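In: coordinates only, sequence not included:
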């Protein structure tokens, strides 16, 4: 036998021996699909809880069951997912990647289950909601416990953002938008309420800079403007006459309404904010409402509050109960007798 052939045979023998050793450490047994989903869940909980015992307590099963299921996953994969010591359990590099994929799979299954169950009489599963920041804090948050109490099977994931959400890419079930009506076959837009925007300033600012008698007087004032990211540069005043559009100016812009409110209370200028955000300040004398005979909106925005969702969510019990909840809390208060 030539030396080269001998070397090749020796190298092949080493590779086979190495593969046999790896197979011995992790014998490859295919786990039935339903058992594998259970094993995935136990692995995910082990990582989240930081150990087998904690995961077992959370799942209400024995520690040995969790250990056996995770070991079965490692045997099938031929890789270590967890580092085990006498003191703790940590995830390996491969295990971290597998954990992230496993979480996505389990979430997708939960979502699929929820979609099927969601056509029933009561709301079940997780509802992902996006609402404007101050709208969520001041109007939604105080009433959420009531919504959850009414629907024990409902889980809510609430995101606060003043940016327009991409329902599909951000996996948002329903988004609440103020003043923007979407006309599209790809989006369902349902009006759930109305609001007003008030022009306000502090008494101290008005004493220093003069009162406003006409919308055009704003051109001589510092205006605190909401940053809409490129749109709604002007304020539109609708009264008995033709609409008046003004490109108001000022040295402060913010994408957070409460920043503008605080700046106005501090005497920084005139601002245009939702009535529900400044009503208490006006009642307490911290702010003064101006030009109240006009309906005022930024750009071409309206005074509507709309709930947006994808067409494939029509008939969703989760979305329907949330929309009914919005209509209820946004209903104008009955006038005092």
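Out: Everything's here; your move. None of these values were measured; they are calculated from a predicted model.
In: Could you point out which residue ranges in the chain have low pLDDT?
Out: 1-33, 111-121, 180-185, 229-232, 333-337 (pLDDT under 70).
In: Which segments of it make up each domain?
Out: Annotated domains of the chain cover 31-116, 118-195+303-330, 197-298 [automatic domain parsing].
In: Tabulate these in a markdown table, adding columns for mean neighbour count.
Out: Using the backbone N, CA and C atoms, a C-beta is placed for each residue, glycine as well. What follows is the domains of the chain, written out as a markdown table (neighbours: other C-beta atoms under 10 Å):
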| stretch | mean neighbour count |
| --- | --- |
| domain 31-116 | 16 |
| domain 118-195+303-330 | 16 |
| domain 197-298 | 17 |
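In: Run a quick check on residue 80 versus residue 95, I expect a contact.
Out: Yes - counting by C-beta atoms under 8 Å, residue 80 touches residue 95, with 7.1 Å between them.
In: isn't there a helix covering residue 155?
Out: No - per DSSP: H, G, I helix; E, B strand; the rest coil, residue 155 lies outside any helix segment and is strand.
In: Identify the residue spatially nearest to residue 37, adjacent ones excluded.
Out: Of all residues not flanking residue 37 in the chain, residue 109 sits nearest, at 7.2 Å (C-beta to C-beta, 6 or more residues apart in numbering).
In: Now do the longest helix along the chain: everything it contacts.
Out: Scanning the chain for the longest helix, with DSSP state H as the assignment, gives helix 93-117. With contact meaning C-beta atoms under 8 Å, 6 or more residues apart in numbering, helix 93-117 is reached by 37, 40-41, 43-44, 47, 77, 79-82, 91, 124-126, 316, 318.
In: Among those, which are located in strands?
Out: Within the contacts of helix 93-117, residues falling in strands by DSSP state E are 82, 91, 125-126.
In: Between those residues, which sits nearest residue 308?
Out: residue 126 (18.1 Å; C-beta to C-beta).
In: how long is stretch 43-57 end to end?
Out: Stretch 43-57 stretches 14 Å from its first residue to its last (C-alpha to C-alpha, to the nearest Å).
In: chain center to that stretch: distance?
Out: Centroid separation for stretch 43-57 versus its chain: 27 Å, with C-alpha atoms, centre = their mean, to the nearest Å.
In: Check stretch 239-255 too.
Out: Centre-to-centre, stretch 239-255 and its host chain are 31 Å apart (C-alpha atoms, centre = their mean).
In: Same check on stretch 251-269?
Out: Put simply, stretch 251-269 sits 25 Å off its chain's centre (C-alpha atoms, centre = their mean).
In: Give me the distance between residue 173 and residue 236.
Out: Per C-beta to C-beta, to the nearest Å, residue 173 is found 32 Å from residue 236.
In: distance of the one residue sitting closest to the centre of the chain from residue 321?
Out: For the chain, residue 159 is the residue whose C-alpha lies nearest the centre (C-alpha atoms, centre = their mean; 2.9 Å). From residue 159 across to residue 321, the span is 19 Å (C-beta to C-beta).
In: now the end-to-end length of stretch 297-308.
Out: End-to-end distance for stretch 297-308: 20 Å, by C-alpha to C-alpha.
In: And the contacts of that stretch?
Out: Taking C-beta under 8 Å, 6+ apart as the rule, stretch 297-308 contacts 167, 174-182, 187-197, 226, 228, 231-236, 238, 272, 295, 319, 322-323, 326, 330.
In: Looking at these, which are in strands?
Out: Filtering the contacts of stretch 297-308 for strands - DSSP E - leaves 174-178, 188-194, 197, 226, 235-236, 238, 272, 295.
In: Now do the contacts for residue 188.
Out: Taking C-beta under 8 Å, 6+ apart as the test, what residue 188 contacts is 308-311, 313-314.
In: if we take these, which one ends up nearest to residue 53?
Out: Closest to residue 53 out of the contacts of residue 188 is residue 313 (40.4 Å), distances taken as C-beta to C-beta.
In: which residues in the stretch 151-300 of the chain form helices?
Out: Assigned by DSSP state H, counting those that start in this stretch, the helices in the stretch 151-300 of the chain fall at 203-209, 257-265, 275-284.
In: Now that residue 222 has come up, it's in contact with residue 270, right?
Out: Yes - here residue 222 lies in contact with residue 270, judged by C-beta under 8 Å, at a distance of 6.9 Å.
In: mind listing what residue 222 touches?
Out: Counted by C-beta under 8 Å, 6+ apart, residue 222 has contacts 209, 249-252, 268-270.
In: Determine which two of those are furthest apart.
Out: 209 and 252 (14.8 Å).
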